[in-house]
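*Asks:* using only what follows, build the 3D model:
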Amino acid sequence: MKVLFVGGTGNISTACSRLAIDKGHEVYMLNRGNINRPGLLGAKSIRCDIKKPAEVKAALKGLEFDVVANFIAFTPKDIQRDIELFSGICNQYIFISSASAYQKPLSYPVITESTPLANPYWDYSRDKIASEEELNRAYRENGFPITIVRPSLTYDTVIPVAIGSWDDFTIIDRMRKGKEVIIHGDGSSLWTITHSEDFAKGFIGLLGHQQAIGHSFHITSDEILTWNQIYEAVAEAAGVELNAIHIASDFICREAEKMNQAGMWGNLLGDKAVSTIFDNTKIKSFVPGFKATIPFKQGIKRTVEWFEADSSRMVLKEENNDFIDKVIEAYKKK
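*Replies:* Modelled structure (predicted):
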């Protein structure tokens, strides 16, 4: 198949690009960067900015695709632009939404694709919901060939903790120095973390899937962990004992707001403070044989090794340390 990935070199999308190439698909990647990296040498680069439609139209002139997948669309305006750009030149458009769009708080503990979409805490999630609504309207009214995919917390080249790191090495450095790290709540809420290579197996199975048109899917691991277990695995990957302090999510969010970090409400109460158990029956029925096989304890060790393989990746963000220290100080004073 001839596929176009908008983005294609990020934390989630790189694994999808590699697997698509390995499966023999003709892969085009539209982005502003360099795709000259391991596993992506078989892709064809279209270097332009998706935010400049005229530039994109010129770059795509004469091209048609079996599949277009946009990994960097976030708002309804992005979707409206994509509908205009890709209508008539693709047989399937895949939107990467987010599992954080699912109802918060949940009215039923097991999440399926029919779980309502509603998140009063996080603008990011509401924008994803509005984007899905825009796509569904285009599908119903004009037959625009959509498939919606909702990843949950997915990692490879990021450290998937709730507080303290993401694309930086701060939490590992902090753990190795014996400093306290924050676990929200009592750490007993349930969560699912998925390695990007596992996500890619389900995602690539949907490419060109005729019956997937008009459908939505989440793609996650079936491994269910508490946040205590998640942080314990991260500490083990760092080679140290975990030194954690448990602090209520709403207290963390209030302190974050005092530090002009209001987004913590979305990060915690709109996402990670709520237990998430995903029913993956639908993706398994559409992509027979899909199974996540990388347990978090194994995957996070690989991630830490990836950071350590290049010192330029081991970035420390003092603002993350400062935030943790201030929240802990405020908590101990109360």
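*Asks:* when you work out contacts or count neighbours from here on, use the C-alpha atoms and nothing else.
*Replies:* OK.
*Asks:* and the helix-or-strand element of the chain with minimal mean pLDDT, what's buried?
*Replies:* The weakest-scoring helix or strand in the chain, judged by mean pLDDT, DSSP states H and E, is strand 44-47 (a mean of 92). For strand 44-47, the neighbour count (16 or more other CA atoms under 10 Å) marks 45-47 as buried.
*Asks:* same thing with stretch 85-94?
*Replies:* Quick answer for stretch 85-94 (16+ other CA under 10 Å): 85-86, 89-94.
*Asks:* turn those into CSV, columns for pLDDT and distance to residue 217.
*Replies:* Formatted as CSV, these follow (pLDDT from 0 to 100; distance: CA to CA, whole Å):
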residue, pLDDT, distance to residue 217
85, 97, 24
86, 97, 21
89, 97, 23
90, 97, 20
91, 98, 18
92, 98, 15
93, 98, 14
94, 98, 11
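*Asks:* those residues in helices, which ones?
*Replies:* If you go by DSSP state H, the buried residues of stretch 85-94 have 85-86 in helices.
*Asks:* between the buried residues of stretch 85-94, which is closest to residue 198?
*Replies:* Nearest to residue 198, judged by CA to CA, of the buried residues of stretch 85-94 is residue 94 at 17.8 Å.
*Asks:* got a list of what the closest one touches?
*Replies:* 67-70, 146-149 (CA atoms under 8 Å, 6 or more residues apart in numbering).
*Asks:* for residue 11, report the pLDDT, please.
*Replies:* The per-residue pLDDT reported for residue 11 equals 93.
*Asks:* any idea how far it lies from residue 195?
*Replies:* 10 Å (CA to CA, to the nearest Å).
*Asks:* who has more neighbours, those two?
*Replies:* Neighbour totals were compared for residue 11 and residue 195, and residue 195 leads with 26 against 16 (other CA atoms under 10 Å).
*Asks:* nearest residue to the more buried one other than its sequence neighbours?
*Replies:* residue 155 (5.1 Å; CA to CA, 6 or more residues apart in numbering).
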